[in-house]
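**Q** Curious how this folds, go ahead:
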Amino acid sequence: MSQIQLWTLVFVVLTFGVYIYIAYASRVSSTAGFYVASGGIPAPANGAAIAADWMSAASFISLAGIVAFSSNGYAGSVYLMGWTGGYVLLALLLAPYLRKFGKYTIPDFVGDRYSESARLVAVVAAIVVSFVYVAGQMAGVGLVFQRFLGVGTVTGVIIGMVIVFFYAVLGGMKGITWTQVAQYSVLIVAYLIPAVAISVQLSGLPVPQIGFGQILAELDGLQRDLGFEAYTEAFTQTSMLNMVLITAALMFGTAGLPHVIVRFYTAKSVRAARYSALWALFFIALLYTSAPAIGAFSKFNFINQIAGTGTDATPDWFNSWRDVGLITVDDANGNGVIDYGPDTGELVVNNDIMVLAAPEIAGLPAPVIGLVAAGGLAAALSTASGLLLVISSSVANDLYYKRINPRATEARQLLVGRIAMAAAIFVAGYLGINPPGFVAQVVALAFGLACASFFPILVLGIFWKKTTAMGATAGLVAGLGTTMAYMVWTIDIYGDGDGIFGIPETGFGTVGMLINFVVTIVVSQFTPKPSVAMQELVEEVRYPGRSKLVAAHAEGHLEEAAAEEGIVDEPPSDRRD
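**A** Residues are numbered from 1 along each chain as shown. All right, here's what the predicted structure looks like:
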């Protein structure tokens, strides 16, 4: 066993042990504890959990690689702008109001705000989005185990499944939340230590966000010498239209992610939900402002060490990644040298390796490399557990309890939820072993689906009180269905179509969102409006301090409270305008 494998094993065993202990200590026996941690998580801890839940394997493992290698710097900035901008949108537009509305899940909100038919469609959408997203996380887990512990991808994914099964099934949201606080601590330390060390190494500055600016001119020159476009040059790999569409899909998709939104129900109050968003944005910024630096540093070091190197003189770190199939070399011209350029095709680098490989490329010691591997696992497992809880709650609460067996006891609901989560873990494992793309690409598909499905009906449900049940259902089906069909048609592993106007599958979620908005608004003009009580509740949710109907709604007595307030419903025929 090499030193790197030894240190990786040490950190993995230590961190996994902490996660399991926290889950055992936080085990729950009520549905409120299982779904929303009984709404008792302090704002700073909730912010850290939200950050860990949201910063997935795509953020930790894949983001810097896709910025540096797949998208040549500038084009990769869509991921930085979309994901961080979307979180601001979520914190301002949705989170506090959904928390005040007071339901466990997005389908729960949709069912109460619109209708039971809309709830069923929302359940399907939540499950689809979550499964697509979780595929990227389990793929990331397999990637880390494959490289750093020398086990196959299948074995690595199975190990991750077992760990997630234990702490997610046992502790529910309460266990997941406190485990994610620990996971955030691990992943941010693992991300920042090599970022600072490499920044000092290359620029002499211990602040990577500043240090990487000093090497951009050199990196531009290196790329031009090799025949690439400059690293910082705009619109070399994607059009302005696609930059806008992809950024918007990621942004609005972030604001519609079910596993992130449910996090705000774990806060103690609406005020605490707002502060949770503030803390989460701070914790997220620590990583997201470092990601472009890691990408630039890694590419700079990579080019200097590999371009023009003899095929039999490559460094050990390069050989290790090549041995597991994540770097491929084809000496097409037979000159015994790696000719790295845009048209040579002699070198293919998997985008997902750059953060994990960055410490090795920079020559940092084995303990740092092992810590980075543990951080990658923490990022993947934290998000996977949140997604699996969404699937579980959608099946147990929104489908079984609300539709099939409304008289089910809490014990029966918990049992169904845990069975659903166990089944979801097996499906997630299969998708992790057979993902439809690299980690960030798979995750981007999930954001596009969330953008096209949930964002419009959530925004309209809060800010337009006359949005109707039939309108929301039609819009949800149209947006989700169109976007899924386009993705199946265009993504390489399934259809490999050219698309419409060159729009990639990662950007079509914006188009699906617009379709959803249009269909919802048009259909709502010609279908029965919500009850007056519901319209008054929607008004009250938006105003601080006005909470009588909100309190009654939480206890299931909205109509009675509305009648006491003199809010009398109109005949259905009068509610169409």
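**Q** where in the stretch 451-577 of the chain is pLDDT low?
**A** Residue ranges of the stretch 451-577 of the chain with pLDDT under 70: 491-498, 545-546, 555, 568-577.
**Q** got the buried residues for stretch 194-201?
**A** Judged by neighbour count (16 or more other C-beta atoms under 10 Å), stretch 194-201 contains these buried residues: 194, 195, 196, 197, 198, 199. C-beta coordinates here come from the backbone N, C-alpha and C atoms, glycine included.
**Q** Give me the residue at the spatial middle of this structure.
**A** Taking C-alpha atoms, centre = their mean, the centroid of the chain lies closest to residue 54, which sits 4.9 Å from it.
**Q** The closest residue in space to it that isn't next to it in sequence: neighbour count?
**A** If the residues on either side of it in the chain are set aside, residue 54 comes closest to residue 260, at 5.3 Å by C-beta to C-beta, 6 or more residues apart in numbering. Neighbourhood size, residue 260 [other C-beta atoms under 10 Å]: 24.
**Q** Ok, the one 4 residues further on next?
**A** Under the neighbour criterion other C-beta under 10 Å, residue 264 is assigned a count of 27.
**Q** Look up how far residue 467 lies from it.
**A** 21 Å (C-beta to C-beta, to the nearest Å).
**Q** Any idea how far stretch 138-154 is from the middle of the chain?
**A** Counting by C-alpha atoms, centre = their mean, to the nearest Å, stretch 138-154 is centred 20 Å from the centre of its parent chain.
**Q** State the pLDDT value of residue 122.
**A** Looking at residue 122, its pLDDT is 87.
**Q** what ranges do the strands span in the protein?
**A** Counting by DSSP state E, the chain has strands at residues 327-329, 347-349.
**Q** mind listing the helices for the stretch 401-550 of the chain?
**A** Using DSSP state H, counting those that start in this stretch, the helices found in the stretch 401-550 of the chain span residues 410-433, 439-463, 469-490, 508-524, 532-541, 548-554.
**Q** how about those helices in CSV, adding distance to residue 181?
**A** Formatted as CSV, these follow (distance: least, C-beta to C-beta, whole Å):
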stretch, distance to residue 181
helix 410-433, 20
helix 439-463, 22
helix 469-490, 33
helix 508-524, 30
helix 532-541, 29
helix 548-554, 27
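**Q** Figure out which of the ones you listed is closest to residue 303.
**A** helix 439-463 (21.2 Å; C-beta to C-beta).
**Q** Go through that closest one and flag the buried ones.
**A** Burial within helix 439-463, assessed by neighbour count using 16+ other C-beta under 10 Å, is assigned to 439-462.
**Q** for stretch 324-340, same thing?
**A** 324, 326, 327, 329, 338, 339, 340.
**Q** The residues you listed into CSV, with extra columns for pLDDT and distance to residue 83?
**A** Formatted as CSV, those follow (pLDDT from 0 to 100; distance: C-beta to C-beta, whole Å):
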residue, pLDDT, distance to residue 83
324, 79, 28
326, 81, 24
327, 88, 27
329, 88, 32
338, 89, 33
339, 87, 35
340, 85, 29
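**Q** quick one: which two of those are the most distant?
**A** 324 and 339 (23.2 Å).
**Q** coming back round to it: if we compare the strands of the chain, which one ends up closest to residue 93?
**A** Comparing the strands of the chain by C-beta to C-beta, strand 347-349 comes nearest, at 38.2 Å.
**Q** about what we covered before: could you point out which of the strands of the chain sits nearest residue 124?
**A** strand 347-349 (37.2 Å).
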